[in-house]
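Engineer: what's the 3D shape of this:
(chains A and B)
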Amino acid sequence: MKKAILAIVVMLQMALCGAASACNIAVPSGDVILVVDGMINACNQTMEVHFDRAMLDALPQHTIKTENPWDEGQVTYEGVLLRDLMDHVKADGKVAMIAALNDYRADIPLQDFATYDIILASKRNGVELPVRDKGPLFVVFPFLDNPDLKTEARYAQSVWQVNRITLK
Amino acid sequence: MPSRFPAPGGRLWTVIFIAVNVLLVAMAVVLGLLGYTDLVLLKKTRSGDDPIYVINQLGYEHLRLLLAAETGAAPAEIRLRGDIYLNRIDLLHKSPMLADERNRLEDGGLERLVQSADVTDRLISAATTPEGRQALLQQLHQDVRPVRDVMTAMSYVSRLLQTEERERRIHGLIINILILEALLAALIGLTLFVLRIISKLREMNQVANASADLLRKNLQLEIEKASADEASRAKSQFLSNMSHEIRTPLNGIIGTLQLVDTDSLTRDNKDSFDIIRRSSRILLQIVNSILDIAKIESNEAAIMKRQFDIRRLASDVLAQHEVLASDKSIDLLVRFDDAVPAILYGDSTKLEQILNNLLSNALKFTEDGAVTLTVEALREPGLPNGIRLGVTDTGIGISEKDQALLFEPFRQVDGSLTRRYMGTGLGLSIVRRLASLMQGSATLTSTPGVGTTVTVCIPDVWPQGLPLLAQPASAPGAQGEPAFLLLGGEYSTIFRAGQMLSALGKPVRLLYTPEDAADFVRSRAFPVQAAIVDRRFGGDARALLEALSDGGEVRWDIPTVFIQGLRAGGEERAGYVVDEVVGIFSRSSLMEALQRAIPRGRNSAVEDGAKPDAGPVGAPGLAHLKVLVVDDNAINRRVLVKLLANMEIHASETAASAAEALHLLSASRFDLVLMDIQMPEIDGYMATRLIRDRGHADVRIVACSAHAFETDAKRSLAEGMDGHISKPVVSAELERTVRSLFTKL
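Structural biologist: Numbering: from 1, shown residues only, chains lettered A, B, ... in the order given. From the prediction side, this is the model:
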């Protein structure tokens, strides 16, 4: 029963995507670690864009040196700039709702991605982030370059264990 | 005026300025420090995740893992949920944000959980088989309690930390507020202090200005007063000098006039002569008045107390005014309160001056009616042992408005009155000043058209130790001698007659009212030699006396002399011999009348005192005196010799200088020396000392001085003289003085 429903859903998605001319992003081959949905004009699934690690690594990478309340001292994070990611999925809307594996959520206005070099980090000091340590993806603000970002609100927006971004 | 507060720019102002600035700077610094501290504190405040959320997530992920394992989820799903759970444990264990909470945890629950996390990690990886999953489930079930304990403990600690932080901040806020309040209070205090200083300074300035003003005004007033006083003194001095200058030639005029034998003048000449004589006397009075006021004004008048007979003094003063009263047909009355002692102790000269002024004023402004002198004992408290002199006239009176001016010197109610009545307008002013010199008072009551009463109160004139007693003027029959009865004691003539008799040592009894007379006729309380009766007594004295007789035992059979009658000549009346004295009488004319009235053989008492040949102004006992007149002025010498001759003193010699007088004194014996004071080379005082030094202790020396000041009189006595008369010498004063010196012998 469950499988039947899943099969129907998958078929429906494929049909829809195939119907949409905007579905121009390649389908992931590895494990999906991030789903982007909502007001986007790109897709590789029905109204969603699924990313595996390779797809994300294929996007332009950005490295920032920063500090935060959860790491000792300064650390280097590497990942895709969120504004690049938004461009990639042809994001529309104003706010990105970022959700984590543990169902934590935070909204970040798209405007902030243009203003600051906020990245969706996948590596700390060159090492991939495991789930046990804020992986697979971690929203990292350039706190070191922009001390005025050091606010409770930004810390709340620093979502880790990210697995979904919904544009609103 | 020095102020207790410094002027702006002074040291205090600098101190205040510095204090205000220091306080303001301190406030700024403290405020900055507090703000900075707050800021630092805020920055230090932990920020990041909500600890409670993080802590709660531990239990949530623990349960989700347990659920995944129990519901038989795929191994990958269990691995994912496991990693999320282990991430929560790692966060609690390692996150710098929770360092404070970890430090405060007392039990080792967290450490135990971290240790079991490694086991859990391995069991998650091995949960691919049902056995592995069962082992994981068992482990997770074992972890329920430690997870709950860690969550509870950390929540509690987190709440504790939050509370502590809030309290710290509240504490800091309170301190901040207190510091600010203290600084504000200091600032307000300083402001108030400065305001107070400013207001005080303003006040001081006002006071200083006010006192400076006052001082200036006072100074100005004092200067004005001083110059006014100076001017007044100079005026008085000038008046005094001028009066002296005028008195000297007046001396000559009046003295010489007394030498003129009026009998040899024709009637016209006699009238002219009278005018000259009266005018010169008025002139003398005016000059004396001016001199008096000048003396009083320049504070030269001194009080000279001595014993005197007030009745005799009154009699003498009245005598001086009887001529004028008679000329104007005004009754001159006198009334003595019996309580007034016979002998008083006070300044008789000033009292005489007062009475003279009052009587001449009263007579001057009275056209008809009477002028009454009353002398009473003062019984008011505050004026002990005093007398009240009252002079009442029936004259034109003075309006209330003008009364206030009367006591001012040189003030007269109406300039035309001055011309009509003549005079200086000084009379009342002199009276008041003399009275106040004697601590007394002078008051005036008047009704225009009805009359005026001037009352003078003089305190403290009883002789020392004498109580206020009623003392009859003369006790009748003191030596068992029959008395002279006087009827109509209110009339000054009768009073004078009584004084004349008592001066001769005769007992006298005055009866004031017809009732008293009637009582006496009935009772015959004491023996009577003769009666002197005023014609006006009881309206018509003659008719009254007739009426006293009841036709039997009670009748008037006393030898009687009527005085102030209109006709001369005696007549025999039923039972009593009557004589009459007309007009102003002298002692001798009174004695003559008494002799005629008293039947022969009963008049020895009269003959003793008054010889018929005693002359017009009889001077019994003086004719034998040998007198030396010392004066450098020839006219004065002539006048004095002539005056003495009028007193039946013919054995007079003269000396033109003190040296000549000493020579004459050493050559022969004299009873009396009339000594001029102002003489060249040796003055009268020096001459007196020389006379006394040379052993002439018994000779009486009387000073004759143009200086009529009391101080001169006092000095005269101090220099060894026996008396003092002022120039121009008037016969009455000379006679009185000489008599007082020699009748005592």
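Engineer: In which helix or strand does the closest residue to residue A:122 other than its chain neighbours reside?
Structural biologist: Leaving aside its sequence neighbours, residue A:122 sits nearest to residue A:79 (C-beta to C-beta, 6 or more residues apart in numbering or on different chains; 4.7 Å). For every residue, glycine as well, the C-beta is placed using N, CA and C. Here residue A:79, judged by DSSP states H and E, is contained in strand A:75-81.
Engineer: Hmm, residue A:124 and the residue nearest to residue A:122 touching each other?
Structural biologist: No: the pair residue A:79 / residue A:124 is not scored as a contact, 9.6 Å apart, by C-beta atoms under 8 Å.
Engineer: Need the residues touching each of these two.
Structural biologist: Any residue near both residue A:79 and residue A:124 by C-beta atoms under 8 Å, 6 or more residues apart in numbering or on different chains counts here, and that gives residue A:138.
Engineer: what's residue B:706 in contact with, if anything?
Structural biologist: Here residue B:706 is in contact with B:244, B:247, B:248, B:251, B:677, B:678, B:726, B:727 (C-beta under 8 Å, 6+ apart).
Engineer: Could you give me the PyMOL syntax to select whichever of those residues are buried?
Structural biologist: The buried residues among the contacts of residue B:706 can be selected in PyMOL (16 or more other C-beta atoms under 10 Å in any protein chain shown) with this line:
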select buried, chain B and resi 247+251+677+726+727
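Engineer: So which of the contacts of residue B:706 belong to strands?
Structural biologist: Here DSSP state E is the test, and these give residue B:726 as lying in strands.
Engineer: Of the contacts of residue B:706, which are in range of chain A?
Structural biologist: Subset of the contacts of residue B:706 in contact with chain A: empty, counting by C-beta under 8 Å from any C-beta of the partner chain.
Engineer: re the thing from before, so after the strand holding residue A:79, what's the next helix or strand?
Structural biologist: helix A:82-88.
Engineer: and that next one, what does it pack onto?
Structural biologist: helix A:110-115, strand A:119-124 (3 or more C-beta pairs under 8 Å, 6 or more residues apart in numbering or on different chains; DSSP states H and E).
Engineer: Doesn't residue B:628 lie inside a strand?
Structural biologist: Yes: membership of residue B:628 in a strand is supported by DSSP: H, G, I helix; E, B strand; the rest coil.
Engineer: so what's it up against?
Structural biologist: B:652, B:653, B:654, B:655, B:661, B:664, B:665, B:670, B:672, B:673, B:674 are the contacts of residue B:628 under C-beta under 8 Å, 6+ apart.
Engineer: Adding neighbour count, secondary structure and pLDDT, write the residues you listed out as JSON lines.
Structural biologist: Shown next, in JSON lines, are the contacts of residue B:628 (neighbours: other C-beta atoms under 10 Å in any protein chain shown; DSSP: H, G, I helix; E, B strand; the rest coil; pLDDT from 0 to 100):
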{"residue": "B:652", "neighbour count": "20", "secondary structure": "strand", "pLDDT": "82"}
{"residue": "B:653", "neighbour count": "18", "secondary structure": "strand", "pLDDT": "88"}
{"residue": "B:654", "neighbour count": "19", "secondary structure": "strand", "pLDDT": "90"}
{"residue": "B:655", "neighbour count": "23", "secondary structure": "strand", "pLDDT": "90"}
{"residue": "B:661", "neighbour count": "28", "secondary structure": "helix", "pLDDT": "90"}
{"residue": "B:664", "neighbour count": "16", "secondary structure": "helix", "pLDDT": "89"}
{"residue": "B:665", "neighbour count": "22", "secondary structure": "helix", "pLDDT": "89"}
{"residue": "B:670", "neighbour count": "22", "secondary structure": "coil", "pLDDT": "89"}
{"residue": "B:672", "neighbour count": "24", "secondary structure": "strand", "pLDDT": "91"}
{"residue": "B:673", "neighbour count": "26", "secondary structure": "strand", "pLDDT": "92"}
{"residue": "B:674", "neighbour count": "29", "secondary structure": "strand", "pLDDT": "91"}
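Engineer: Between these, which sits nearest chain A?
Structural biologist: Minimum distance to chain A across the contacts of residue B:628 is 133.7 Å, recorded for residue B:674 (C-beta to the nearest C-beta).
Engineer: Give me the neighbour count for the residue lying closest to that closest one once chain neighbours are set aside.
Structural biologist: In space, residue B:674 comes closest to residue B:629 once its chain neighbours are excluded; the distance is 4.9 Å by C-beta to C-beta, 6+ apart. Neighbour count of residue B:629, defined by other C-beta atoms under 10 Å in any protein chain shown: 24.
Engineer: ditto for the one 3 residues further on
Structural biologist: Close neighbours of residue B:632, defined as other C-beta under 10 Å, add up to 16.
Engineer: circling back: higher neighbour count, residue A:79 and residue A:124?
Structural biologist: residue A:79 (26 against 19).
Engineer: picking that back up, nearest to residue B:220, of the contacts of residue B:706?
Structural biologist: Set against residue B:220, the nearest of those by C-beta to C-beta is residue B:244 (35.9 Å).
Engineer: Quick check: that closest one vs residue B:288, distance?
Structural biologist: Using C-beta to C-beta, to the nearest Å, residue B:244 is found at 11 Å from residue B:288.
Engineer: Return the per-residue confidence for the one residue in the stretch 51-200 of chain B that gets nearest to chain A.
Structural biologist: Of all residues in the stretch 51-200 of chain B, residue B:83 sits closest to chain A, at 3.6 Å by C-beta to the nearest C-beta. Listed pLDDT for residue B:83 reads 91.
Engineer: Now do the contacts for it.
Structural biologist: Contact analysis of residue B:83 by C-beta under 8 Å, 6+ apart lists A:130, A:131, A:132, B:124.
Engineer: Can you tell me which of the residues you listed end up in helices?
Structural biologist: Using DSSP state H, the members of the contacts of residue B:83 that fall within helices are residue B:124.
Engineer: and residue B:258, how many residues sit next to it?
Structural biologist: Neighbour count of residue B:258, defined by other C-beta under 10 Å: 17.
Engineer: next one: residue B:151
Structural biologist: There are 21 residues near residue B:151, going by other C-beta under 10 Å.
Engineer: Same question for stretch B:14-22: list its buried residues.
Structural biologist: Quick answer for stretch B:14-22: no buried residues (16+ other C-beta under 10 Å).
Engineer: Report the distance from it to the chain centre.
Structural biologist: Relative to its parent chain, stretch B:14-22 has a centroid offset of 55 Å by C-alpha atoms, centre = their mean, to the nearest Å.
Engineer: and that stretch, average pLDDT?
Structural biologist: 81.
Engineer: swap in stretch B:524-537?
Structural biologist: Stretch B:524-537 comes out at a mean pLDDT of 82.
Engineer: What residues of the host helix or strand of residue B:92 count as buried?
Structural biologist: Per DSSP H and E: residue B:92 is located in helix B:75-94. By neighbour count on 16+ other C-beta under 10 Å, the buried set for helix B:75-94 is B:75, B:78-92, B:94.
Engineer: before we move on, what about stretch B:335-350?
Structural biologist: B:335, B:336, B:340, B:341, B:342, B:344, B:345, B:346, B:347, B:348, B:349, B:350.
Engineer: picking up where we left off before, relative to residue B:434, which of the helices and strands packed on helix A:82-88 is closest?
Structural biologist: Of all the helices and strands packed on helix A:82-88, helix A:110-115 sits nearest to residue B:434, with 120.0 Å by C-beta to C-beta.
Engineer: And the closest one, what does it pack against?
Structural biologist: Contact here means 3+ C-beta pairs under 8 Å, 6+ apart; on that basis helix A:110-115 packs against helix A:82-88, strand A:95-100.
Engineer: Alright, I will stop here.
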